[in-house]
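>>> return atomic coordinates for the entry below.
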Amino acid sequence: MSRKVFTVIGMVVLLAWSCGSNKVPVSVSENAVVQKADGTLSLDVDKATCYSDNVNPASNTAEWNVIVSKPGTFRVWLSSATKDTTKLSYSNSVKLSLSDKFLEVNPVCDKVILNSGDVSLPYYRADSYMGSLYISEPGEYSIQLISEKVMPKEAVQSEPSASDDTRLMSVILTPLTR
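Residues are numbered from 1 along each chain as shown. The predicted structure follows:
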């Protein structure tokens, strides 16, 4: 009798162990941005891979690899540091792409974030709504943002005029809820 009980317990332990070890290892890019527990993706320009074009700054690009664990529909916001919330002074439209999805907008101040820890006076944080994106499956994605306001951190520090009156800080994707 005890031999049968021992055999049954052994088989249950073996079954539980084998079910838990079926996970396929996921390869994640070293600098990938991981989705927060609330579903938000915060993409800081300072942490992006940036490409600058001195001849045509309108094609400056910031790129992020993101890990989406909770797919769905997301609102896309641009976050800027600005001295004048009535005019963000973007010369060209801002373009965002994710896979085959594309958003383009001329940023305006849709909401001012008071007492934001992201900026200090004389700057204010101004968020601009770009639109919404649908991500159907979990996985790793590449997001690109094209704007003359994309400046590598080194360029902003070496050229104070590069920061101007408005500076692009981040892209924020917030999940829509029902």
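>>> and residue 54, its phi and psi?
phi -70, psi -30 (degrees, to the nearest 10).
>>> low-confidence ranges in the chain?
1-30, 152-164, 178 (pLDDT under 70).
>>> for the residue nearest the centre of the chain, list each beta-bridge partner.
The centre of the chain sits closest to residue 43, judged by CA atoms, centre = their mean, with a distance of 3.2 Å. Counting by DSSP bridges, residue 43 is bridged to residue 171.
>>> cool, residue 98 as well?
Beta-bridge partners, per DSSP bridges, of residue 98: residue 101, residue 143.
>>> now do the strands in the protein.
Ranges of strands within the chain are 33-34, 41-44, 49-51, 61-68, 72-82, 94-98, 101-105, 111-113, 124-135, 139-146, 166-175, based on DSSP state E.
>>> buried stuff in the third one?
Along strand 49-51, these residues count as buried under the neighbour rule (16 or more other CB atoms under 10 Å): residue 50. Where C-beta positions appear, they are placed from N, C-alpha and C, glycine not excepted.
>>> show me what it is packed against.
strand 61-68 (3 or more CB pairs under 8 Å, 6 or more residues apart in numbering; DSSP states H and E).
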